[in-house]
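[1] below: sequence and its predicted model.
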Amino acid sequence: MPHAYEPPHFDVAVAAGPRTRHGAGAGRRVRDLDSHRLSRWSASVAAYEKSLLKGTARLRVTREGMVRLAKLGTASVEQAAIAPADADGWQEVTLPVETFDFAAEQLLAMGPNVEVLAPPELRERLRELAGRVVALNGGDAG
């Protein structure tokens with residue numbers, strides 16, 4: 001008769017670590033090391049994100065769009081040049097982007113809260129994507 005599957009059992013001992021074995025000072029050294037590693041990791045991630053940004057987009061964005069824009073990625077938003085809002089609440093933003101295809105996909109999620117001013121290639125790519133969405137959902141893309 002077949003036996004029911006039993007996952008392997010591993011004895012895992014949780015070490016108390018230097019924080020408790022060697023006094024309070026050792027714990028501080030461990031935390032400092034962890035903090036240093038986290039800081040180095042964060043810097044590496046930021047440098048990597050910035051290395052991906054190859055182009056620039058000039059946008060007009062609503063207040064709601066600015067909130068959504070902040071969710072797109074820290075490297076691009078940190079490097080963005082943002083003009084003061086006009087009387088209607090729109091702001092002009094110059095934003096580094098990875099590729100125009102990727103940027104268009106991200107900007108499409110912002111709906112009517114974004115207008116691409118430049119470059120024309122990004123504006124056209126966004127228009128193409130929006131037209132495909134309209135066509136797929138039974139509307140007229142023209």
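    Happy to help now that I have it.

[2] show me the shaky parts of the chain.
    Applying pLDDT under 70 to the chain flags the ranges 1-33, 45-53, 73-76, 79, 140-142.

[3] okay, strands next: where are they in it?
    Secondary structure of the chain (DSSP state E): strands at 55-61, 81-82, 91-97, 114-118.

[4] would you turn those strands into TSV with distance to residue 72 and mean neighbour count?
    In this view, the C-beta of every residue, glycine as well, is placed from N, C-alpha and C. Shown next, in TSV, are the strands of the chain (distance: least, C-beta to C-beta, whole Å; neighbours: other C-beta atoms under 10 Å):
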stretch	distance to residue 72	mean neighbour count
strand 55-61	11	20
strand 81-82	13	13
strand 91-97	8	19
strand 114-118	11	18
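
[5] so which of those is nearest residue 105?
    Smallest distance to residue 105 across the strands of the chain (C-beta to C-beta): 10.8 Å, for strand 91-97.

[6] between that closest one and strand 55-61, how many degrees?
    Orientation of strand 91-97 against strand 55-61 (axes from the mean of the first three to the mean of the last three C-alpha atoms, to 10 degrees) gives an angle of 160 degrees.

[7] paired strands for strand 91-97, with orientation please.
    As defined by DSSP bridges, the strand partners of strand 91-97 come to strand 55-61 (antiparallel), strand 81-82 (antiparallel).

[8] export those strands to CSV and tack on distance to residue 118?
    Converted to CSV, the strands paired with strand 91-97 look like this (distance: least, C-beta to C-beta, whole Å):
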stretch, distance to residue 118
strand 55-61, 4
strand 81-82, 13
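
[9] out of the ones you listed, nearest to residue 108?
    Closest among those, once you apply C-beta to C-beta, is strand 55-61, at 12.7 Å.

[10] what angle do the closest one and strand 114-118 make?
    Relative orientation of strand 55-61 versus strand 114-118 (the same axes, to 10 degrees): 140 degrees.

[11] I'm done for today, thanks for sticking with me.
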